[in-house]
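> please find the sequence and the predicted model below.
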Amino acid sequence: MDRKTVALGIAAAAAVGAALTVTLVGRSSSPKHKAVASYITDVDQIQQQMKAQLTTTVKAYRDFASGSTPAKTLVPELAQAERTLRGLQHRIVALPAPAVAKHLRVLLIRLTSSEVSTAHEVGKLAAFSPQYAALLKQAKTAGTALSKALAAVKPPQAHKIRGTKKQVKKAQAAFTAAATAAAAQQADAVDAYDAKIARVQHRLRKLHPPAVLTPAYRTQLQTLKASQVAGAALAKELRKKNRSRVAVFGRKFTLAARIAGSVSAQKAQIAAIKAYNHRVRAIGTLQGDIQQELARLQQLTG
């Protein structure tokens, strides 16, 4: 997703009123032009009255675009920015327009509505992302710890046994005991991993993702749940006397961890990002529509 596109798209409305005024001031003194000019002046006055707030709003989105402002500072800034844009929206909605400027008013309302909607999503994104990233890091750390724990286990290697029957029997018993102990160590490591993953899942479920990250969020939950279930099954198999199917369950455990990287998961996330960028760019489209409507109003006579 493009942070700069978001910031520029939302902040651009701060100049709408001034742009409208420049477009029509000094034209014909016909009743229609006077009515439109009066409406545009009222729109401009609203934004002039909110100039300080809108300037702060622009700064908040520039901070977001830079990616260098810490979340504890950025999240309150964006929350205030959203409130400012909602205030602007409410005042634009409450401002009556002459019949000739009805469509212009509709476009301005759509513009501010789109900005408020995107501002809300950006605020959720800024609040969600640091917590989400931290939890994914915990899951990754748990995976690394599991790999190290499993690598530290040294199962006995099968080899030919020579000697008397008693010696062979004793060696076989020792081998079985060592293999069982190694398998138990592996099962313990998997159980420890599952416990960590369960805690990550619990914390993840308390988060509220923005639309743009919902597919990735759901995929991560699915991956962690599948890994936990597969891990529990693998640990159970490792503790059995007959461990002939451990490889099968180990394969399932490995595949469960790969769900997040599947093609379908990637496609869903890419689609969400494209939809997000489309929503942001729609702000620019609306601004273009407003300019076209101004051009049409400019041609009014009498």
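In hand now; what should we look at?
> the stretch 101-250 of the chain: helices as residue ranges?
102-152, 165-204, 214-238, 246-256 (DSSP state H, counting those that start in this stretch).
> tell me which of the ones you listed sits most buried.
Stretch with highest mean neighbour count among these: helix 214-238 (a mean of 19; mean count of other Cβ atoms under 10 Å). C-betas here are computed from N, CA, C, even on glycine.
> now do it: distance to the chain's middle.
Distance, stretch centre to chain centre, for helix 214-238: 21 Å (Cα atoms, centre = their mean, to the nearest Å).
> which residues sit against it?
Contacts to helix 214-238, defined as Cβ atoms under 8 Å, 6 or more residues apart in numbering, come from residues 132, 136, 139, 183-184, 186-188, 190-191, 193-194, 197-198, 200-201, 204-205, 207, 209, 243, 245-246, 249-250, 252-253, 255-257, 259-260, 262, 265, 268-269, 271-272.
> next, the angle from it to helix 102-152.
For helix 214-238 against helix 102-152, the angle by axes from the mean of the first three to the mean of the last three Cα atoms, to 10 degrees is 20 degrees.
> can you give me the angle helix 214-238 makes with helix 246-256?
170 degrees.
> now do helix 214-238 against helix 165-204, angle only.
160 degrees.
> average pLDDT across helix 214-238?
Averaged across helix 214-238, the pLDDT comes to 95.
> Leu286: which of the helices of the stretch 101-250 of the chain is closest?
Leu286 lies closest to helix 102-152 among those, at 4.5 Å (Cβ to Cβ).
> average pLDDT for that closest one?
pLDDT averaged over helix 102-152 gives 90.
> same thing with stretch 294-302?
71.
> what do you get for stretch 34-52?
For stretch 34-52, the mean per-residue pLDDT is 83.
> buried ones in that stretch?
Ala35, Val36, Ala37, Tyr39, Ile40, Thr41, Val43, Asp44, Ile46, Gln47, Met50 (16 or more other Cβ atoms under 10 Å).
> what strand or helix carries the third one?
Looking back up the chat, that one is Ala37. Using DSSP states H and E, Ala37 falls within helix 31-49.
> that helix packs against which elements?
helix 16-24, helix 71-94, helix 102-152 (3 or more Cβ pairs under 8 Å, 6 or more residues apart in numbering; DSSP states H and E).
> look up how far Arg203 lies from Ala139.
When distance is defined by Cβ to Cβ, to the nearest Å, Ala139 is 10 Å away from Arg203.
> cool, Val190 as well?
Counting by Cβ to Cβ - Val190 and Arg203 are separated by 21 Å.
> just to revisit the earlier point, for the helices of the stretch 101-250 of the chain, which one sits closest to Gln299?
When the helices of the stretch 101-250 of the chain are ranked by proximity to Gln299 (Cβ to Cβ), helix 102-152 comes first, at 13.6 Å.
> packing partners of the closest one?
helix 3-11, helix 31-49, helix 51-66, helix 71-94, helix 165-204, helix 214-238, helix 263-298.
> any chance of those in TSV with distance to Lys102 as columns?
TSV is the format used below for those (distance: least, Cβ to Cβ, whole Å):
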stretch	distance to Lys102
helix 3-11	25
helix 31-49	10
helix 51-66	25
helix 71-94	13
helix 165-204	47
helix 214-238	37
helix 263-298	10
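> which of these sits closest to His103?
helix 263-298 (5.8 Å).
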